[in-house]
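Trainee: Would you be able to build a 3D model of this:
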Amino acid sequence: MRRFSLFFVVLLVAFSGFAQEGEATTTAPVKLGADHYYSIGNFKKCIDICYSDLDKDYRNMDAYSYLCWGYLGLNDYKSALDNAKKALSIKPNEPRMLEVAGEACYFMGNYLESLSFFERYVSAVNIDIYNIRYYRIRYNVVYYFMGEIFLQFKEYNNAITAFSTAIWDNNGSYKGQTDKWKDRLSFAKQMAEFKE
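Mentor: Model (predicted):
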């Protein structure tokens, strides 16, 4: 019995060594995509991968999304806007591109154009019931930006509505921002009372 156990253990160890050796030689290296490089903050590599993906399929909205987000990460708002507009020429109501275009315009100081893109984003997200959870991830941030734009235009009641929506619709992704948004809401309320 003892010999059988010892033989079985030796046999098991021998075959496990072959199995591990075989696995190591047949495992292909994992190709990391734009999403990986974006998530670790390597925006230039993300952008390079996106251009490569777009060379293969110029209608790839995921590639356009990461491309534009990469440019936003580099604070290259003009390139983000140019590529978002290119994507919107292919798919006019793509929510991710509308949001990117609005954000790029906001940071470039083009508030009226930014507001137009953000309004289109809100409409597109509310219409697309199949993907509403996917696209609404930035919904509250869009309303925050809209609130800031309305403050610039001195439209305080619209700013109150936008900031309130940003706070109310916070899906938990932006908990750290909620206090700032509440402060901006309070400011808008004070300015609205002062204006009256």
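
Trainee: which residues in this protein form strands?
Mentor: Taking DSSP state E, the chain contains no strands at all.

Trainee: Quick test: name the residue nearest the centre of it.
Mentor: For the chain, the residue nearest the mean C-alpha position is residue 69 (6.7 Å; CA atoms, centre = their mean).

Trainee: need the contact list for that residue.
Mentor: Residue 69 sits next to 38, 46, 80, 100 when contact means CB atoms under 8 Å, 6 or more residues apart in numbering. All C-beta spots, glycine's among them, are computed from the backbone N, C-alpha and C.

Trainee: Just give me the neighbour total for the third one.
Mentor: For residue 80, the neighbour count with other CB atoms under 10 Å is 26.

Trainee: same question, residue 154
Mentor: For residue 154, using other CB under 10 Å, the count is 11.

Trainee: The one 4 residues further on now?
Mentor: By other CB under 10 Å, 18 other residues sit near residue 158.

Trainee: swap in residue 113?
Mentor: With other CB under 10 Å as criterion, residue 113 counts 16.

Trainee: Please give me every residue in contact with the closest residue to residue 177 other than its chain neighbours.
Mentor: Distance criterion CB to CB, 6 or more residues apart in numbering; nearest residue to residue 177, sequence neighbours excluded, is residue 144 at 7.3 Å. Residue 144 makes contacts with 162-163, 166, 177, 181, 184, as judged by CB under 8 Å, 6+ apart.
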